[in-house]
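In: Coordinates for the following, if possible.
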Amino acid sequence: MNLKRLVPESEILTIDVKPGWKKGTKITFPDKGNEQANQLPADLVFVIDEKPHDVFKRDGNDLVVHHKVPLAEALAGTTVNLTTLDGRELSIPVNDVVTPGYELVIAKEGMPIVKEPGRRGSLRIKFDVRFPSRLTPEQRTGLKRILGGEH
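Out: A predicted model of the protein is given here:
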């Protein structure tokens, strides 16, 4: 009887994670998996997962951020200050009137596109306009006068 004894072996495998890799990307190390008697060693497969971020959400190659803005700034203009995933500080002026559901798209500030070196997705800023919970009679009158709401 010829019994071949398998000896446990350890080996360090290195994965060079590329910027922009998406959840589900597979990295295969051929013949580095479990080995059983009378069988070829299996492949070892790692599958990329993404850790949720506190500020940004990934949508394909785009990054999405939700930004709350008070009604006065939504009407009169505001600036969005963000720290990017790579540590840069962005100061984005918003001069348009921001309506509920408004989305501002900043090209080339999203995730790197793996198969197109040097290209990036977009940063999409989705605005949530905060309305005041109450107004004084003077504020109501002033708003109607300024916004032309008197009939």
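
In: by contact count, what packs against the helix or strand harbouring residue 67?
Out: For residue 67, the element it lies in under DSSP states H and E is strand 62-70. Judged by 3 or more Cβ pairs under 8 Å, 6 or more residues apart in numbering; DSSP states H and E, the packing partners of strand 62-70 are strand 57-59, strand 78-83, strand 123-130. For every residue, glycine as well, the C-beta is placed using N, CA and C.

In: how about the ones you listed in TSV, adding mean pLDDT?
Out: Listed next are the helices and strands packed on strand 62-70 as TSV, based on pLDDT from 0 to 100:
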stretch	mean pLDDT
strand 57-59	96
strand 78-83	97
strand 123-130	97
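
In: So which of those has the densest surroundings on average?
Out: Here the criterion is mean neighbour count by mean count of other Cβ atoms under 10 Å, and of the helices and strands packed on strand 62-70 the winner is strand 123-130, at a mean of 18.

In: relative to strand 62-70, how tilted is it?
Out: 20 degrees (axes from the mean of the first three to the mean of the last three Cα atoms, to 10 degrees).

In: Which strands border strand 123-130, and is each parallel or antiparallel?
Out: Under the criterion DSSP bridges, strand 123-130 sits next to strand 62-70 (parallel), strand 103-106 (antiparallel) in its sheet.

In: what comes up buried for the helix or strand that comes right after the strand holding residue 67?
Out: Tracing the chain C-terminally past strand 62-70 and defining elements by DSSP H and E, one meets helix 71-76 next. Buried residues in helix 71-76, counted by 16 or more other Cβ atoms under 10 Å: 73, 74, 75.

In: Could you pull up the mean pLDDT of helix 71-76?
Out: Across helix 71-76, the average pLDDT comes to 95.

In: So what touches it?
Out: With contacts defined as Cβ atoms under 8 Å, 6 or more residues apart in numbering, helix 71-76 is touched by 97, 98, 99, 127, 129, 130, 131, 132.

In: From the residues you listed, pick the one nearest residue 24.
Out: residue 127 (30.4 Å; Cβ to Cβ).
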